[in-house]
Every structure is written in C-alpha cells, then in structure tokens.
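Asks: how would this look folded up:
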Amino acid sequence: MFEDLRDRLNTAFKRMLGRGKLNEKNISDALREVRKVLLEADVNYKVAKDFVAKAEEEAIGREVTRSITPGQEMIKVIHDKLVELLGKEPSPLRPTKGSKIMLVGLQGSGKTTTAGKLAKRLSAQGFKPLLVPADPYRPAAIDQLRILGESLGIEVYSATQGEDPVRLCQKASSWAQSSGFDLLILDTAGRLHIDEKMMEELRQIKKKVSPEEILLVADAMTGQEAVRVADEFEAKLGIDGIILTKLDGDAQGGAALSMRAATGRPIRMVGVGEKPEDLEVFYPDRMASRILGMGDIVGLVEKAQATVSQEEAKKLEAKFLKHEFTLQDFLDQVKQVKKLGPLQSLVELIPGWGRGPLRGATLDERELVKAEAIISSMTPLERRRPHLIDGSRKKRIARGSGTTVQDINRLLKEFGMIDKMVKRMGKRGFVGFPLG
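Replies: Model prediction:
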C-alpha cells in the first residue's frame with residue numbers, strides 16, 4: 001500500500017529545485033499536485049483540502065535549512081503534517097484486568113480474524129482472554145471463531161446459532177468473571193451495509209455489557225467507503241478507536257489518511273498480514289515516513305528482535321568470527337526471514353526502497369521457498385561442505401527439490417558471495433547485527 005502515493009508525492013517534490021526561500025509560487029505548485037495525488041489516493045475531499053491548507057500556511061516564508069533544497073524542506077513540512085493528520089502520537093490499547101473489548105464493523109471487514117489476533121497478542125502480554133462469537137446470524141460464524149480460537153490456544157465461549165446476541169454477551173461476561181478470565185473480546189455481527197437494526201443491537205450490547213473499548217474494524221481496501229462507515233459508527237454508536245485491516249494490500253491508502261481526521265478517533269492498530277502476529281500498534285510518525293519513502297528502520301529492527309533471540313544472534317556472530325557459516329546456517333536464516341512477514345512489506349521498511357535504482361523493485365518470495373527446498377534436499381555433509389556438490393549430486397538435489405541444476409548453481413553462487421563477505425567481516429572485526 002502507498003506505493004503510488006509515495007511515487008507521485010516524490011515527483012511533486014522533485015520539481016522544486018534550487019535553494020533559498022520557499023515562496024508562494026513554488027509552494028502553490030507543489031501543493032496543487034499534492035492535493036491531486038491525495039484525492040486520487042481516495043483521501044476524503046475535506047481532509048485533503050484541510051491538509052493542503054495547513055501545509056501551505058506552515059511552508060510560506062519558511063527558511064530553507066542550509067545545504068538542503070526547497071523540495072527537501074517541503075518534504076519535511078508534508079511529513080510533519082502527515083504525522084499530525086494521522087494522530088501525532090501512537091494510541092495503543094492498554095486494557096486492564098477485567099476489561100471488555102467490543103469489535104464492530106461491516107461484514108467482511110476482518111472482525112473475526114482481528115479478534116483472534118488481538119486475543120493472541122494480549123495473551124502474550126499476560127492476559128487470559130475469552131473470545132465471544134456474538135454473531136448468531138452469519139452461517140458458520142460461530143464455528144469460524146471456535147476453530148480460530150483452537151488454533152491459537154484461546155478459549156471461545158460456547159454459543160448457538162440464532163441466540164439473542166445481547167443476552168449472549170451478558171451471559172458470556174458473567175461466565176468469564178466466574179471462570180477466571182480477565183479479558184473479554186466480543187466479536188459482534190456485521191452487515192453488508194449499515195442499518196438501524198444492527199445499530200440498535202450494538203447499542204443494547206454496549207448498554208448491557210459496558211465495554212471499556214469499542215473498536216471499529218475497517219477494511220483499508222475499501223477507500224472512501226471505509227471513511228463513511230467510520231463516520232456512521234461514530235455518530236450512531238460511539239467508538240473509542242479504529243483497527244485498520246489489510247494494510248498490506250494494494251489499495252491507494254486514502255482510508256488510513258482520512259479516518260482519524262474524519263472521526264476524531266485514533267487508529268489503534270493495523271493488520272499487516274494473515275499470520276496471528278500480523279497485528280501491530282499504529283505509529284503515525286512511522287507511517288508518515290513510509291508514505292514518503294523514508295522507510296521505518298525502527299519497525300524493521302523490532303520485527304527482527306521479536307523473531308530472533310539474543311542467543312541465536314550470538315551463535316550466528318560466533319560462526320561469522322570463526323568463518324563457519326554453512327549452507328545449514330543459510331537455511332536457518334532463510335527460515336528466520338520468512339517468519340518476519342511478507343518480503344515486499346518487509347523491504348518497504350528500508351529507507352530509500354522504491355526510489356532511484358530501486359524504483360518499482362519487487363521481491364519474489366518464491367525464491368526463498370526454492371532456496372529452502374534445495375538446501376533441505378542436501379545431505380548434512382553437503383550443507384557443511386558445498387564444494388563437494390558435483391554434477392551428479394546437483395541432479396539428485398534437483399530431483400529431490402523439484403528445481404533445476406541451474407537453480408542450484410545460482411544458489412551456490414549466491415552462497416559463495418555471502419561466504420566471502422562473512423570472511424571479510426571476520427577479518428575486520430564483527431560489528432554486530434541489528435537482529436538480537
């Protein structure tokens with residue numbers, strides 16, 4: 001997400017060449033393009049208009065810092081205003097023991113999957129959550145949450161098809177208190193569109209159960225519609241925050257930029273993938289940097305730290321120092337990278353990705369799968385001593401991995417390059433990875 005928005009914004013900034021002072025002419029020219037880009041990215045019209053007006057007020061007459069261009073100064077202005085638009089500071093969930101969280105939204109927005117992800121995340125923080133399938137209408141909705149809960153090791157309250165959702169939530173709340181659960185997550189029913197019957201049902205659940213947090217789960221792929229839905233939920237029910245799903249998709253991204261400004265409610269979390277751990281706290285400053293192609297190196301390091309233990313990093317460092325990096329170690333690193341999430345979303349956290357020679361660059365995750373298959377088809381001896389792999393061995397490995405001899409040659413060549421780099425690092429002294 002945001003690739004097109006990022007590219008077009010950078011094109012607008014590049015037109016502002018030279019040094020000196022930002023003036024009304026070059027500011028107006030740049031912001032005219034910025035407004036057009038925002039509107040085409042599905043940003044709400046009023047939000048885009050207010051954003052450009054505030055950026056113009058900030059930029060006019062602003063002195064350009066020594067050694068940077070007006071275009072670079074304008075990027076700083078836009079970055080600061082994007083952070084402001086997105087909420088300035090992160091607003092993560094901070095439930096206490098006994099809290100009740102109510103998830104609301106349209107059908108298909110990802111409520112049930114988000115409920116499971118949220119329960120898993122809070123369970124890791126020391127809570128004992130209970131998931132409640134408060135959608136007795138949609139066929140198989142109860143079974144979907146039950147199966148998801150079982151796969152995550154999270155308890156799901158027993159419910160039956162057609163049961164009154166208000167009464168169901170009341171019973172679940174009482175049972176949770178008496179059964180040792182200290183967190184309740186209500187996965188409420190959605191519709192294909194907002195109607196008064198749904199809203200009245202949600203208002204009754206809110207009245208009878210008194211949730212500490214009502215979170216709107218909204219699909220970032222739906223653009224302007226997501227903003228309209230958020231407006232209506234806020235007006236008719238009242239929400240405390242927003243969880244945006246499918247932020248790893250290829251939508252324009254306007255919903256993410258509009259929803260906080262349109263509702264006045266913070267984006268608390270974002271879904272960035274399909275795995276249980278792919279639910280993250282929303283950081284306005286990091287998102288603004290990603291939109292402008294500045295990357296999010298802090299987010300990248302945090303992902304790595306959550307995946308690779310300090311002990312594993314030290315073992316790898318020791319191997320580097322002793323020049324003992326093998327194909328088995330290479331395979332282990334491939335598996336670690338796969339745990340971090342989709343490759344394309346991962347590299348977009350790297351500053352400068354998508355600009356200059358890397359503009360439009362994509363990574364094929366199938367190459368990681370292929371590398372894993374090839375090395376897994378080798379014997380332990382071959383992984384330790386790849387120089388032993390001759391023509392006949394390559395044919396055997398190719399048959400076992402479903403690849404070609406050319407694929408194996410390419411992998412061995414890449415490993416050879418990494419091995420040389422490791423040896424050079426060992427000679428110069430190891431300075432450490434940002435992984436542990």
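
Asks: Where does pLDDT dip in the protein?
Replies: Filtered on pLDDT under 70, the chain yields the residue ranges 1-8, 10-22, 61-72, 248-253, 293-324, 337-365, 421-436.

Asks: Geometric centre of it: which residue is closest?
Replies: Residue closest to the average C-alpha location in the chain (Cα atoms, centre = their mean): residue 272, at 3.0 Å.

Asks: Quick one: residues contacting residue 90.
Replies: For residue 90, the contact set (Cβ atoms under 8 Å, 6 or more residues apart in numbering) comprises 281-284. The way it works is simple: take the backbone N, C-alpha and C, and place the C-beta from them, glycine included.

Asks: ok, now with 6 Å
Replies: Shown in contact with residue 90 (Cβ atoms under 6 Å, 6 or more residues apart in numbering): 281, 283.

Asks: helix/strand/coil for it?
Replies: coil (DSSP: H, G, I helix; E, B strand; the rest coil).

Asks: what about the strands in this structure?
Replies: Using DSSP state E, the strands of the chain run over 99-104, 129-134, 155-156, 183-188, 213-219, 241-245, 267-271, 279-281.

Asks: Same list (those) but as JSON lines, adding mean neighbour count.
Replies: Formatted as JSON lines, the strands of the chain follow (neighbours: other Cβ atoms under 10 Å):
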{"stretch": "strand 99-104", "mean neighbour count": "23"}
{"stretch": "strand 129-134", "mean neighbour count": "28"}
{"stretch": "strand 155-156", "mean neighbour count": "22"}
{"stretch": "strand 183-188", "mean neighbour count": "27"}
{"stretch": "strand 213-219", "mean neighbour count": "24"}
{"stretch": "strand 241-245", "mean neighbour count": "25"}
{"stretch": "strand 267-271", "mean neighbour count": "24"}
{"stretch": "strand 279-281", "mean neighbour count": "19"}
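
Asks: Adding distance to residue 409, write those strands out as JSON lines.
Replies: Below are the strands of the chain laid out as JSON lines (distance: least, Cβ to Cβ, whole Å):
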{"stretch": "strand 99-104", "distance to residue 409": "51"}
{"stretch": "strand 129-134", "distance to residue 409": "50"}
{"stretch": "strand 155-156", "distance to residue 409": "50"}
{"stretch": "strand 183-188", "distance to residue 409": "51"}
{"stretch": "strand 213-219", "distance to residue 409": "44"}
{"stretch": "strand 241-245", "distance to residue 409": "42"}
{"stretch": "strand 267-271", "distance to residue 409": "40"}
{"stretch": "strand 279-281", "distance to residue 409": "39"}
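
Asks: Can you list the neighbours in contact with stretch 402-422?
Replies: 320, 325, 330, 370-371, 374, 386, 394, 397-398.

Asks: what comes up buried for stretch 38-50?
Replies: Using 16 or more other Cβ atoms under 10 Å as the test for burial, stretch 38-50 gives 38, 41-44, 47-48.

Asks: now swap in stretch 188-208 and tell me
Replies: For stretch 188-208, by 16+ other Cβ under 10 Å, it's 188-190, 198-199, 201-202, 204-206.

Asks: what does stretch 148-155 give?
Replies: For stretch 148-155, the neighbour count (16+ other Cβ under 10 Å) marks 148-149, 152, 154-155 as buried.

Asks: Off-centre distance for it?
Replies: 22 Å (Cα atoms, centre = their mean, to the nearest Å).

Asks: hang on, the earlier thing: who wins for proximity to residue 58 among the strands of the chain?
Replies: Residue 58 lies closest to strand 267-271 among those, at 22.8 Å (Cβ to Cβ).
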